[in-house]
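**Q** The sequence isn't on hand, but the structure is:
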């Protein structure tokens, strides 16, 4: 049975991804900053028939918390097959480049960028023990500089500096990490679940959490011939589902 860790998994897309992976027979560590809340979520999932899920406390902005989570996974499973870096925050709105405080930008980067690096580096040795390790960095179409430069793009007017730049940086991490691990059986990709209606955005998105989670899983459970170092988006109306960087 493959083992998965999903950060920020106690609600919204992370929670739905947990449910769908559980249904596929994987063991899922449901990452949550508040362990008590996470355990309550797991209890509710168990009542609904979802199995092989365990809440694990992990605050991606706290290196000690990340290390403790890594030690738990190592003790219980000995390895990690899939890491889904899902935890993310929007930051205070509005976010104009000329007026947004450095504190606001740093707070968003601490979770969306530095947090991903902290978690990935901590769990890398456990992932290397897997026969087919996978790392999925959950990004946003708003991280595409190419699309942000296109006035015809439907989200062209959304220029939230803290969030946008954090996801662009995350995409850069994906590219460089995929290159570093290219001679190993890793698949490392950025995955944009699309503009999804969640409490993250006050349920404004047109997409469903079910579709978002299914898209993440599709581009995470890749076989040995699957791509690495790519940027997939659920908002791209193209057979490849690849977004420009």
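**A** Ah, there it is. Source: prediction; values computed, not measured. Numbering: from 1, shown residues only.
**Q** hey, let's count contacts and neighbours off CA atoms from now on
**A** Noted.
**Q** Output the below-cut-off pLDDT ranges for the chain.
**A** Counting by pLDDT under 70, the ranges of the chain that qualify are 197, 199-206.
**Q** what are the ranges of the strands in it?
**A** 3-6, 27-32, 53-57, 82-85, 134-138, 187-192, 231-233 (DSSP state E).
**Q** wait, which of the ones you listed is closest to residue 17?
**A** Using Cα to Cα as the measure, strand 3-6 is the one of the strands of the chain that comes nearest residue 17, at 8.4 Å.
**Q** which helix of this structure spans the most residues?
**A** helix 161-180 (DSSP state H).
**Q** Any chance of the strands of the chain in TSV with mean neighbour count and distance to residue 165 as columns?
**A** Listed next are the strands of the chain as TSV, based on neighbours: other Cα atoms under 10 Å; distance: least, Cα to Cα, whole Å:
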stretch	mean neighbour count	distance to residue 165
strand 3-6	25	23
strand 27-32	25	24
strand 53-57	23	27
strand 82-85	26	17
strand 134-138	26	14
strand 187-192	28	15
strand 231-233	27	16
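**Q** Turn those into a markdown table, including distance to residue 222.
**A** Converted to a markdown table, the strands of the chain look like this (distance: least, Cα to Cα, whole Å):
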| stretch | distance to residue 222 |
| --- | --- |
| strand 3-6 | 14 |
| strand 27-32 | 17 |
| strand 53-57 | 22 |
| strand 82-85 | 11 |
| strand 134-138 | 8 |
| strand 187-192 | 8 |
| strand 231-233 | 13 |
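**Q** closest one to residue 14 among those strands?
**A** strand 3-6 (6.8 Å).
**Q** on contacts alone, who are the packing partners of the closest one?
**A** strand 27-32, strand 82-85 (3 or more Cα pairs under 8 Å, 6 or more residues apart in numbering; DSSP states H and E).
**Q** Can you add distance to residue 40 and give those strands back as a markdown table?
**A** Shown next, in a markdown table, are those (distance: least, Cα to Cα, whole Å):
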| stretch | distance to residue 40 |
| --- | --- |
| strand 27-32 | 11 |
| strand 82-85 | 21 |
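**Q** tell me the contacts of the residue nearest the centre of the chain?
**A** The chain has residue 86 as the residue nearest its centroid, 2.5 Å off, counting by Cα atoms, centre = their mean. Applying Cα atoms under 8 Å, 6 or more residues apart in numbering, we find residue 86 in contact with 6-9, 14, 137-138.
**Q** Tell me the one of the residues you listed nearest residue 169?
**A** Using Cα to Cα, the contacts of residue 86 come closest to residue 169 at residue 137, 11.3 Å.
**Q** partners of that closest one in the sheet?
**A** Taking DSSP bridges as the rule, residue 137 bridges to residue 85, residue 190.
**Q** wait, isn't it in contact with residue 85?
**A** Yes. At 4.9 Å, residue 137 and residue 85 qualify as touching, with contact defined as Cα atoms under 8 Å.
**Q** which residues do those two both contact?
**A** Both residue 137 and residue 85 are in contact with residue 116, where contact means Cα under 8 Å, 6+ apart.
**Q** What's the separation between residue 6 and residue 16?
**A** From residue 6 over to residue 16 the distance is 11 Å, taken as Cα to Cα, to the nearest Å.
**Q** Repeat that for residue 111.
**A** 20 Å.
**Q** Between these two, which is the more surrounded one?
**A** Between residue 111 and residue 16, counted using other Cα atoms under 10 Å, residue 111 has the larger neighbour count: 22 against 19.
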